[in-house]
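S.K.: just the structure for this:
(4 chains)
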Protein chains: 2
Amino acid sequence: MTKARKTIMDILMKSEEPVSASTLAKDLPFDQATVYRNLHYLEDQGFAESFILHCSEHGTERYYSYRNANDVHHHWFHCEMCHRFIDLGHCAYGQQLKEWEQSYGFTIHEHTFFLTGVCADCKS
Amino acid sequence: MTKARKTIMDILMKSEEPVSASTLAKDLPFDQATVYRNLHYLEDQGFAESFILHCSEHGTERYYSYRNANDVHHHWFHCEMCHRFIDLGHCAYGQQLKEWEQSYGFTIHEHTFFLTGVCADCKS
DNA sequence: ACAAAATTTGCAAATGACTTGCAAAATACA
DNA sequence: TGTATTTTGCAAGTCATTTGCAAATTTTGT
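M.R.: Residues are numbered from 1 along each chain as shown, chains lettered A, B, ... in the order given. As a prediction, this is how the structure comes out:
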């Protein structure tokens, strides 16, 4: 495993919240192409997952988080003021998604869910 | 109300599914800046709502749909093959969102939810 | 450990959605 | 209808992300 890939993997593993691709690209001492390519690689291999979120201050960016093999994925709340993410816990939509698949006949590859607003700290 | 604005408003009102900003910008006989500005205007005024969706073929685009004054908003399934949207009906997360607001203390401004996959027609 | 094969990197340029400044044109208002 | 206000088109800019390519690194087979 290359240095760039390991660095990115480590950051994702250690991070408590999703990190944006463009931020990684800016902050890490690797070429941006390398960062983006590795993020794709990690997601392809199932080590990471991502979603696109727009916030007025940071614009539209893709956020990545580490994905544990036996991990159920999480959903997040994003604070528009301090830009932190709050973990809403395990996804609880499994059953609902299955029901939709049955009633509509489609196959779901991915579902996207997140909240944006202002966190408790920033309100006070 | 200007011609451009009325045209865009009409399209959103008549459309059964969300339409992408960049597609409107390409197809309509108005400058792209005009299209984007009007979409922002309509959303600001509460006549439209939007979400960002990425699909491999069309890339990352913002999709708009008309918002009725007394309308509960809808969620959508997006087929990656035929690129149509399937209406999943009224949003049923109101209660859940309120509970999260109470337990975490944050205020939700927006929630994003949609599905992507392959529709029944495209599977066969 | 070593050379060949396969993969990854950096660089530089390109892409594509979306935004912005500004003067002209259209619309609203008195 | 004339004037103030808003909107438009044009052209250039921004910004996240992607891509081609040759050089550098990592992996493989021995």
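S.K.: longest strand of chain A?
M.R.: Using DSSP state E, we find that the single longest strand of chain A is strand A:107-118.
S.K.: sheet-wise, list the partners of it with their directions.
M.R.: strand A:74-79 (parallel), strand B:107-118 (antiparallel) (DSSP bridges).
S.K.: B:T23: which of the ones you listed is closest?
M.R.: strand B:107-118 (17.3 Å; C-beta to C-beta). Placement of C-beta: from N, CA and C, glycine included.
S.K.: end to end on stretch A:68-87, go ahead and measure it.
M.R.: With C-alpha to C-alpha, to the nearest Å applied, stretch A:68-87 spans 16 Å between its terminal residues.
S.K.: ok, and does that stretch reach over to DNA strand D?
M.R.: No: contact of stretch A:68-87 with DNA strand D is not found when judged by C-beta under 7 Å from any atom of the strand; the minimum separation is 13.0 Å.
S.K.: list the buried ones in that stretch?
M.R.: A:H74, A:H75, A:W76, A:F77, A:H78, A:C79, A:E80, A:F85, A:I86 (16 or more other C-beta atoms under 10 Å in any protein chain shown).
S.K.: residue contacts, the fourth one?
M.R.: Under the criterion of C-beta atoms under 8 Å, 6 or more residues apart in numbering or on different chains, the contact list for A:F77 reads A:F85, A:I86, A:L88, A:F114, A:L115, A:T116, A:G117, A:C119, B:W100, B:Y104, B:F106, B:I108.
S.K.: do I have it right that the last one meets B:E99?
M.R.: No: using C-beta atoms under 8 Å, B:I108 makes no contact with B:E99, being 11.0 Å away.
S.K.: settle it for me: which of those two has more neighbours?
M.R.: Taking neighbours as other C-beta atoms under 10 Å in any protein chain shown, B:I108 and B:E99 compare with B:I108 leading, 16 against 11.
S.K.: state the pLDDT value of the closest residue to that one other than its chain neighbours.
M.R.: Nearest non-adjacent residue to B:I108, counting by C-beta to C-beta, 6 or more residues apart in numbering or on different chains: A:G117, 4.3 Å away. We have a pLDDT of 98 for A:G117.
S.K.: count the neighbours of A:G117 for me.
M.R.: A:G117: 22 neighbours (other C-beta under 10 Å).
S.K.: and if you look at A:L42?
M.R.: If we define neighbours as other C-beta under 10 Å, then A:L42 has 20 of them.
S.K.: where does it land in three-state SS?
M.R.: Assigned by DSSP: H, G, I helix; E, B strand; the rest coil, the conformation of A:L42 is helix.
S.K.: tell me how far the residue nearest to it when sequence neighbours are not counted lies from A:R67.
M.R.: Of all residues not flanking A:L42 in the chain, A:A48 sits nearest, at 4.1 Å (C-beta to C-beta, 6+ apart). According to C-beta to C-beta, to the nearest Å, A:A48 and A:R67 sit 6 Å apart.
S.K.: okay, those two: which has more neighbours?
M.R.: A:A48 (22 against 19).
S.K.: report the contact partners of that one.
M.R.: A:A48 touches A:L12, A:L39, A:L42, A:Y64, A:S65, A:Y66, A:R67, counting by C-beta under 8 Å, 6+ apart.
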